[in-house]
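J.: Pasted the sequence and its predicted model underneath.
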Amino acid sequence: MSRKKIIAGNWKLNMNQAETQSFLNEVSKKLNQNDLTQVQALVCPTFTSLATAATAIKESGLTIALGAQNFSQHKSGAYTGEINTEMLKEIGVTHVLVGHSERREHFSEDDSIINDKVKTGIEAGLQVILCCGESEATRESGETDAWVAGQIEAGIKGLELNDFASRITIAYEPIWAIGTGKVCDSAEANRVIKVIRAKLAELLDQTTADATSILYGGSVKSSNIDEIMGQSDIDGALVGGASIKVEEFPALVASAAREASKTVA
Ligand code: PGA
């Protein structure tokens, strides 16, 4: 089964408009459109840099998708400080991240809010990247598989099979590997991703599970991406720190493209 390969950059709270512009100008010179036909490359800047990124991508002529790191589950109304899906689409956003551990931890987003956001994103016609992952304590207590499967079940609750097909991507990001330089052993990441895929098969059906791209995230960089992409069930990466480095992001996309061409061959 060949699934879409994806390299997604989560810029977090970095890069103002000027930095966004110069980063995308530089990165565009290093990215290869051939690679981008095999790999979905995605950048997720801050809200205020989204429009700048949309223009820079358009000017580059490259197929890079634009994602938002967050949005409101509400459509409109008295929600001070929030941004809705229509506002994002107006700028050219096609993807959204939901359920990142930093949103869960620092902004108290629980499974129910995350489920509402997944549904809102899907209803709006956006591609949703649903994140899951265990803490170090959960891993040490041997609860990783059940924890991650539970997050997936809660995140996609109430969705129809049709909503799911090629509209939702999962990102497995062990919290202890995020921003720490401590990458999860790639065979272990592959094993957990198989657990996630088995859960999707149980909740939806095998065909949908087999067609769903599942990414790994947590300290991915150019020096470890080949090993990660070489795993049977890992379809790409959600990348923080390395995704805002001019040399790194194109190298990650190139690695995923090499893997994609092997799958096709
Ligand atoms: P990292 O972050 O690549 O800096 O570990 C990954 C993420 O938070 O998505």
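T.: Nice, I can see it. Numbering: from 1, shown residues only.
J.: going forward, measure contacts and count neighbours with C-alpha atoms only.
T.: Noted.
J.: show me the contacts for residue 83.
T.: 71, 72 (C-alpha atoms under 8 Å, 6 or more residues apart in numbering).
J.: Helix, strand, or coil at it?
T.: coil (DSSP: H, G, I helix; E, B strand; the rest coil).
J.: what are the ranges of the helices in the stretch 151-265 of the chain?
T.: 161-164, 186-203, 206-211, 225-229, 248-264 (DSSP state H, counting those that start in this stretch).
J.: typo on my end, it should be the stretch 1-150 of the chain
T.: Using DSSP H, counting those that start in this stretch, helices in the stretch 1-150 of the chain cover 17-30, 33-38, 50-60, 85-91, 101-106, 111-123, 136-140, 144-155.
J.: picking up where we left off before, out of the helices of the stretch 151-265 of the chain, the one nearest residue 59 is which?
T.: Residue 59 lies closest to helix 248-264 among the helices of the stretch 151-265 of the chain, at 17.5 Å (C-alpha to C-alpha).
J.: pretty sure residue 155 is touching residue 114, no?
T.: Yes - applying C-alpha atoms under 8 Å, one finds residue 155 in contact with residue 114, separated by 6.0 Å.
J.: For residue 1, give me the pLDDT.
T.: Here, the pLDDT recorded for residue 1 equals 59.
J.: Could you list the low-pLDDT ranges of the stretch 101-250 of the chain?
T.: Of all residues in the stretch 101-250 of the chain, those with pLDDT under 70 make up the ranges 165.
J.: Near the ligand, which residues of the stretch 151-265 of the chain are found?
T.: Proximity of the stretch 151-265 of the chain to the ligand (C-alpha under 6 Å from any ligand atom) is limited to residues 178, 179, 217, 218, 219, 220, 238, 239, 240, 241.
J.: Quick check: the gap between residue 144 and residue 98.
T.: 20 Å (C-alpha to C-alpha, to the nearest Å).
J.: who has more neighbours, those two?
T.: residue 98 (28 against 20; other C-alpha atoms under 10 Å).
J.: Isn't the more buried one up against residue 132?
T.: No - using C-alpha under 8 Å, residue 98 is not in contact with residue 132, being 9.2 Å away.
J.: Most proximal residue of the stretch 1-150 of the chain with respect to the ligand?
T.: residue 10 (5.6 Å; C-alpha to the nearest ligand atom).
J.: and that residue, what are its bridge partners?
T.: Residue 10 has these beta-bridge partners by DSSP bridges: residue 44.
J.: give me the number of residues near it?
T.: What residue 10 shows, counting by other C-alpha under 10 Å, is a neighbour count of 25.
J.: try residue 185
T.: 12.
J.: Also residue 231?
T.: Counted with other C-alpha under 10 Å, residue 231 comes out at 17.
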